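*Asks:* Return atomic coordinates for the entry below.
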Amino acid sequence: MSVWNVNIGTIFPNVFPGTLGVSCLGKSHGKQWNLFVQDLRNYTKDKHKTIDDTPFGGGPGMVMKCDVLDAWLHESYNHANNSESNAEKNDKYKEIRNRGKIIYMSPRGRAFNQSYASELIKTDLHILCGRYEGVDSRLLKHWEIEEVSMGDYILCGGEVAAMTLVETCVRLIPGVLGNPQSIESDTFSNGLLEHDQYTRPDIWVPKDSKMEYNTPCVLKSGNHKEISSWRQSNSETLTKNRRSDLWVEYIRKKEKNVHS
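*Replies:* Predicted structure coming up:
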């Protein structure tokens, strides 16, 4: 797989890389994936760097201007970062333009999940981080931008949402995680919540407490078949009790496989 490129447009570029620059994500940056961040205010034309205006039809808040964001989408293809020559910049963003997908972080968009993350790492991304009441819809239509939601809640802007999306995707890139089997046991990877985890000490007594907590005996048995069975059962129980939506879909697929 070639290097995965992510290009982010935001009015708060200093927020990045944030958590994307630490641990395995930071170590793999420049090897398995690249992050480019542009300040959207650099694409304004007035001295006040105005990036928003009042909405047509009235109403609260401000709307991000389509002409400014359009300028970013055009020019971002031709600039990478200051450490590279112009030729290198053009070559890198020419590749992004040919294979890229444009995403706008929006609470009204398609729900993001682990399955969708697996799709997104197959192409480079341009991510628009909105603010205020959102962006001019004409931009979304012209550029065929896909709106993506991280959940049924509202943030002040798309930056944190973009970091979450990128981190989820980067973890799936081969070679990023030290142990690739970690992905296979992740919550949602098989339609279930991940099973409970335990580590040393075997018997734990919390401070100022007489309560004693033991590790399930099966996990110390060395019998991998029984351990696997316990983990599967534990995952199913957790999913059934906590996420009825996932449980219904899991049972549906399970019954479909039985009858196919």
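*Asks:* mind listing what the residue in the chain sticking out farthest from the centre touches?
*Replies:* Each residue of the chain has a distance to the centre, and by Cα atoms, centre = their mean the biggest one is for residue 210: 42.1 Å. Not one residue lies near residue 210 by Cβ atoms under 8 Å, 6 or more residues apart in numbering. C-beta: built from backbone N, CA, C; applies to glycine.
*Asks:* Flag the shaky bits of the stretch 151-260 of the chain, pLDDT-wise.
*Replies:* Low-confidence segments of the stretch 151-260 of the chain, defined by pLDDT under 70: 180-187, 189, 260.
*Asks:* And the helices in it, which stretches?
*Replies:* Assigned helices in the stretch 151-260 of the chain, in chain order: 159-170, 181-184, 224-242, 244-259 (criterion: DSSP state H, counting those that start in this stretch).
*Asks:* Dump the first one to PDB, restricted to CA.
*Replies:* Output for helix 159-170, consisting of C-alpha atoms alone and laid out as PDB, is shown next (Å, rounded to 0.1, in the frame of the first residue of the first chain):
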ATOM      1  CA  GLU A 159     -11.000  19.700  14.400                       C
ATOM      2  CA  VAL A 160     -11.500  17.200  17.200                       C
ATOM      3  CA  ALA A 161     -13.800  15.100  15.000                       C
ATOM      4  CA  ALA A 162     -11.200  15.100  12.200                       C
ATOM      5  CA  MET A 163      -8.500  13.900  14.600                       C
ATOM      6  CA  THR A 164     -10.800  11.100  15.700                       C
ATOM      7  CA  LEU A 165     -11.500  10.100  12.200                       C
ATOM      8  CA  VAL A 166      -7.800  10.200  11.100                       C
ATOM      9  CA  GLU A 167      -6.700   8.300  14.200                       C
ATOM     10  CA  THR A 168      -9.200   5.500  13.600                       C
ATOM     11  CA  CYS A 169      -8.100   5.200  10.000                       C
ATOM     12  CA  VAL A 170      -4.300   5.300  10.700                       C
END
